[in-house]
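Undergrad: Here's a sequence, model it:
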Amino acid sequence: MKVQSISILGSTGSIGRQTLDVAEHLGLKIAALTANENVDRMAEQARKYRPKLCVMGSEQAAEALRMRISDLFIPVKCGMEGLMEAATIREADVVVTAVMGMIGLRPTLAAIHAKKRIGLANKETLVCAGELVMDAADRYGAEIVPVDSEHSAIFQCLMGCRDRSEIKRLILTASGGPFYGKKFEEMETITKEDALRHPNWTMGPKITVDSATMMNKGLEVIEAMRLYRLPKSQVDVVVHRQSIVHSLVEFRDGAILAQLGVPDMRIPIQLALTYPNRMDAPCAALDLLSCGELTFLPPDPVNFPCLAYAVEAAQRGGTACAIMNGANEAAVDLFLHDRIGFNDIPRRVRRAMDTVAVVDRPGLEDILAADRLARDSVYAG
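TA: Got it, this is the predicted structure:
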């Protein structure tokens with residue numbers, strides 16, 4: 001598949017901006033761009049990349065953008081309807097789903113139905129509705145190429161694997177975030193500014209907080225289970241503070257393959273756009289002689305309970321993952337707005353998981369309802 005044009009859902013965020021950087025490097029056209037409320041950045045992107053369509057999260061933001069780029073004659077839509085149009089726009093060969101949260105689920109399913117390649121950077125889609133999404137991809141023949149560095153690493157390690165029964169386990173690496181080694185009690189006074197100082201990666205605020213609580217790794221465990229259709233017993237986590245080894249695959253014969261690289265998201269983004277081919281990337285290569293010692297440590301689910309909660313939800317099944325994820329999104333939002341403390345994030349996730357009823361064998365509406373109930377539980381205090 002030769003990719004000539006892409007659509008980016010969430011173009012003003014960290015992954016979206018890096019995707020535009022890669023697309024410019026590769027000489028790709030931009031079919032559609034979407035954002036939530038960042039009119040200034042979207043206006044800049046529209047003028048530079050001249051997409052066929054721009055989408056904003058609200059009608060107010062869309063109207064502001066229309067006024068800013070009226071001379072470009074680019075249609076500006078808003079809301080879920082606009083997102084769905086951007087996800088299925090005829091000109092796009094690949095749809096990069098870089099929006100945060102459950103809002104990415106319906107557009108991702110729409111892109112799958114349109115038989116697009118999905119550059120998946122939206123964890124929540126697979127966490128909350130992984131079985132629905134993967135079944136739809138099989139049914140419509142849509143490719144899903146992961147953009148997360150860890151899942152891209154596994155994807156690369158499995159490129160030459162002819163028989164998935166040869167896999168013994170997937171090993172996801174975690175940086176451990178800024179607080180690895182601390183006790184839960186020590187983290188009561190952690191501030192937003194502390195949590196947003198990730199030691200290795202530059203990411204958006206929500207995913208950076210998830211990394212600090214280790215929820216991000218829990219979400220990735222679920223994502224790996226769905227992407228590769230493996231049970232939790234075949235998905236492990238190790239803490240790798242240097243963020244050089246992005247993940248590993250152990251095979252039945254004891255061989256382990258790992259993917260190494262500098263911590264730069266443009267590498268997995270580019271692979272999602274050029275797969276199965278590799279091309280020169282707009283970033284530095286890893287220098288093995290200067291990258292330093294590489295260490296591996298066990299995770300700490302006692303002091304970072306969000307990891308354990310995600311695993312519990314995955315093993316429970318049904319809408320448990322949607323409940324856990326919705327509660328986490330709401331709790332992180334409250335933390336980022338200085339309304340709760342850092343340790344209140346796992347506390348509120350736990351409470352939602354204990355109080356919101358799980359639906360077995362859910363459909364899409366059941367999943368969306370579970371997400372809403374979990375958020376309501378967290379916001380209610």
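Undergrad: where along the stretch 51-200 of the chain do the strands fall?
TA: 53-56, 76-78, 94-97, 117-120, 144-146, 167-174 (DSSP state E, counting those that start in this stretch).
Undergrad: mind putting the ones you listed in CSV, mean pLDDT included?
TA: Formatted as CSV, the strands of the stretch 51-200 of the chain follow (pLDDT from 0 to 100):
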stretch, mean pLDDT
strand 53-56, 98
strand 76-78, 98
strand 94-97, 98
strand 117-120, 97
strand 144-146, 97
strand 167-174, 97
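Undergrad: So Ala31: helix, strand or coil?
TA: Following DSSP: H, G, I helix; E, B strand; the rest coil, the label given to Ala31 is strand.
Undergrad: before we move on, the earlier item: could you dump the strands of the stretch 51-200 of the chain into JSON lines with mean neighbour count and distance to Leu334 added?
TA: Placement of C-beta: from N, CA and C, glycine included. Output for the strands of the stretch 51-200 of the chain, formatted as JSON lines (neighbours: other CB atoms under 10 Å; distance: least, CB to CB, whole Å):
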{"stretch": "strand 53-56", "mean neighbour count": "26", "distance to Leu334": "25"}
{"stretch": "strand 76-78", "mean neighbour count": "20", "distance to Leu334": "26"}
{"stretch": "strand 94-97", "mean neighbour count": "28", "distance to Leu334": "25"}
{"stretch": "strand 117-120", "mean neighbour count": "27", "distance to Leu334": "27"}
{"stretch": "strand 144-146", "mean neighbour count": "24", "distance to Leu334": "29"}
{"stretch": "strand 167-174", "mean neighbour count": "22", "distance to Leu334": "24"}
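Undergrad: Specify the stretch among these that is closest to Ser377.
TA: With CB to CB, the closest approach to Ser377 among the strands of the stretch 51-200 of the chain belongs to strand 94-97: 26.5 Å.
Undergrad: quick one: the strands in the stretch 251-381 of the chain?
TA: For the stretch 251-381 of the chain, applying DSSP E, counting those that start in this stretch gives strands covering 256-260.
Undergrad: Show me the shaky parts of the stretch 101-250 of the chain.
TA: Scanning the stretch 101-250 of the chain with the threshold set as pLDDT under 70 gives 201-202.
Undergrad: For it, which segments count as helices?
TA: For the stretch 101-250 of the chain, applying DSSP state H, counting those that start in this stretch gives helices covering 105-113, 123-140, 149-157, 192-195, 205-213, 215-227.
Undergrad: any idea how far the third one is from the chain center?
TA: Put plainly, it is helix 149-157. How far helix 149-157 lies from its chain's middle: 13 Å, per CA atoms, centre = their mean, to the nearest Å.
Undergrad: What of the second one?
TA: Once both centres are worked out by CA atoms, centre = their mean, helix 123-140 turns out to sit 14 Å from its chain's centre.
Undergrad: picking up where we left off before, tell me which of the helices of the stretch 101-250 of the chain is the most buried.
TA: helix 215-227 (a mean of 26; mean count of other CB atoms under 10 Å).
Undergrad: Let's see it as CSV, backbone CA atoms only.
TA: What follows is helix 215-227, C-alpha atoms only, in CSV (Å, rounded to 0.1, in the frame of the first residue of the first chain):
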residue,chain,number,x,y,z
MET,A,215,-2.0,3.6,34.6
ASN,A,216,-0.5,4.2,31.1
LYS,A,217,1.2,0.8,31.4
GLY,A,218,-2.0,-0.8,32.6
LEU,A,219,-3.8,0.5,29.5
GLU,A,220,-1.0,-0.8,27.3
VAL,A,221,-1.3,-4.3,28.8
ILE,A,222,-5.0,-4.3,27.8
GLU,A,223,-4.2,-2.9,24.4
ALA,A,224,-1.6,-5.6,23.8
MET,A,225,-4.1,-8.3,24.8
ARG,A,226,-6.6,-7.0,22.3
LEU,A,227,-4.2,-6.2,19.4
